[in-house]
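Q: predicted structure and sequence below. I'll ask about it afterward.
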Amino acid sequence: MNDPPQPVARAIEAANAGDTEAFLACFTPDGVVDDWGREFRGPDEIRGWSDREFIGVHVSLDVTGVEQQDGATTVTATVGGEGFNGPSHFTFDVAGDRVARMTIRAQPRAGRAAAARLALPPMTTSEATRLAEELAAIGRVGALVAADAPPAAVFESVTAQVGQLVGADAAAMVRVETDSEVTCLGFWTKDGGYQAVGQRRRVASPSGVEGTVGDFLREQGWRASVGAPVVLEGRMWGILAVGSTAKDTLPEDTDTRLAKFSELVGTAVSNAKRGEDLALLDREQASLRRVVTLVAAESSPAEVFDAITREAAQVVETEAIGMLRFEADGSATLVAQSETPWDPPPLGTRFTLEVRT
């Protein structure tokens, strides 16, 4: 096996040593990491990517081959760690004594050997490569989901991965707000990379949500598109779509391949929602403990009421909460009030209540 150039060897050694600073020092100031179509340029972006998906998940690279062609060095390595695991190609473009670009792609496997190992019918080399690429792409997104990465990071990854995988010109992640509104969260294009959008649109198509999403994507120049629903708790949370700006059709199996990724998006959103729910439950329980402590200490009613309104305002994240005592004559008295951004009425103020039917 050939030895890689020194800049490449240093980058691999730094990754295996878990040394982020040494890894970053291997790149030129405007160096690029291309991780399956997602480009990270410069030390800040590369650091963020590495913290989330590379050195930050304790990557290990077991080099099994080195090839040099047309001035580029391709290192074949088995990737280990707490993120993606499996064979990958790392292609390095070197400028002087530093790396100008590192491109990561799946490693194609020989058709019949791969088929035998997987107990599948014999496959051609192109079929085996296609399967390896799909598994690698799913693995990269799955690693983010397993690491409880923020949904935004998963959206960025999944649109790039699936767009590259099916040979699309663009991909989009759309969230369904209500039956009458959708929000385009982000776009990926093969020329421009990923861009968060956050553009909301009212559903106006007779075909409902799906029709409105289709109309929106056509306005972006898509001539053909295929979408897969992202389902959360039994309802459609969003749509993952890929499209072509040059052709009127996409490969026949695009919807099937897309569905595998939409399931991962659903899991990521569900994980995030569960985390938010648990955080809310923790806040509620902490607030209750503080109030119960006051009651157990036989604090005055005024102190307890004040604590209840203050804690409740923090838990439900509202500007203010007041507590009223109902009187026998049908009026109500303000007995406690959390802090407010306005001048509140003084405690003891009586209000006349009106019953509306």
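A: The structure has been received and is ready for your questions.
Q: so residue 260 touches residue 138, yeah?
A: Yes - contact criterion C-beta atoms under 8 Å: residue 260 and residue 138 qualify, at 6.0 Å. Quick note: C-beta positions are derived from backbone N, CA and C, even for glycine.
Q: more neighbours: these two, which one.
A: residue 138 (20 against 16; other C-beta atoms under 10 Å).
Q: my guess is that one meets residue 261, correct?
A: Yes - using C-beta under 8 Å, residue 138 is in contact with residue 261, at 7.0 Å.
Q: show me what contacts the residue nearest in space to the middle of the chain?
A: In the chain, the centroid-proximal residue (C-alpha atoms, centre = their mean) is residue 154; its distance is 2.2 Å. Residue 154 makes contact with 141, 144, 145, 264, 265, 268 under the criterion C-beta atoms under 8 Å, 6 or more residues apart in numbering.
Q: now with 7 Å?
A: 141, 144, 145, 265, 268 (C-beta atoms under 7 Å, 6 or more residues apart in numbering).
Q: again with residue 56
A: With C-beta under 7 Å, 6+ apart, residue 56 has these contacts: residue 50.
Q: show the pLDDT at it.
A: pLDDT for residue 56: 89.
Q: quick one: it is in a helix?
A: Yes - Residue 56 sits within a helix when classified using DSSP: H, G, I helix; E, B strand; the rest coil.
Q: the residue lying closest to residue 63 once chain neighbours are set aside pairs with what?
A: Nearest residue to residue 63 in three dimensions, chain neighbours excluded: residue 77, at 4.9 Å (C-beta to C-beta, 6 or more residues apart in numbering). Partner residues in beta bridges with residue 77, using DSSP bridges, are residue 63, residue 88.
Q: do the same with residue 181
A: With DSSP bridges as the criterion, residue 181 is bridged to residue 178, residue 202.
Q: same question for the one 5 residues further on.
A: Counting by DSSP bridges, residue 186 is bridged to residue 173, residue 196.
Q: that one touches residue 171, doesn't it?
A: No - Residue 186 is beyond contact range of residue 171, at 9.0 Å (criterion: C-beta atoms under 7 Å).
Q: which neighbours do those two have in common?
A: residue 159.
Q: these two: which has the busier surroundings?
A: Applying other C-beta under 10 Å to residue 186 and residue 171 shows that residue 171 carries more neighbours, namely 29 against 20.
Q: what's the host helix or strand of that one packed up against?
A: Using DSSP states H and E, residue 171 sits in strand 170-178. The contact analysis (3 or more C-beta pairs under 7 Å, 6 or more residues apart in numbering; DSSP states H and E) places strand 170-178 against helix 151-165, strand 181-189, helix 208-219, strand 235-244.
Q: just the ones you listed: most buried one?
A: helix 151-165 (a mean of 24; mean count of other C-beta atoms under 10 Å).
Q: now it, how far from the centre of its chain.
A: 8 Å (C-alpha atoms, centre = their mean, to the nearest Å).
Q: over to stretch 96-109?
A: Worked out by C-alpha atoms, centre = their mean, stretch 96-109 lies 24 Å from the chain centre.
Q: what residues does that stretch touch?
A: Counting by C-beta under 7 Å, 6+ apart, residues outside stretch 96-109 touching it are 6-8, 11, 26-28, 31-36, 76, 87-94, 128-129, 132-133, 136.
Q: average pLDDT across the helix or strand residue 309 falls within?
A: Element membership for residue 309 (DSSP H and E) is helix 301-316. Averaging pLDDT along helix 301-316 gives 85.
Q: list the buried residues of that helix.
A: Residues of helix 301-316 classed as buried: 304, 305, 306, 307, 308, 309, 310, 311, 312, 313, 315 (neighbour count, 16 or more other C-beta atoms under 10 Å).
Q: with just CA atoms, put that helix into CSV.
A: Coordinates of each C-alpha in helix 301-316 appear next as CSV, following Å, rounded to 0.1, in the frame of the first residue of the first chain:
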residue,chain,number,x,y,z
PRO,A,301,-51.0,32.7,51.6
ALA,A,302,-49.7,35.9,49.9
GLU,A,303,-46.2,34.3,49.6
VAL,A,304,-47.6,31.1,48.2
PHE,A,305,-49.9,32.9,45.7
ASP,A,306,-47.0,35.1,44.6
ALA,A,307,-44.8,32.0,44.0
ILE,A,308,-47.6,30.2,42.1
THR,A,309,-48.1,33.0,39.6
ARG,A,310,-44.4,33.6,39.2
GLU,A,311,-43.6,29.9,38.6
ALA,A,312,-46.7,29.4,36.3
ALA,A,313,-45.6,32.3,34.1
GLN,A,314,-42.2,30.8,33.7
VAL,A,315,-43.5,27.3,32.9
VAL,A,316,-46.0,28.4,30.3
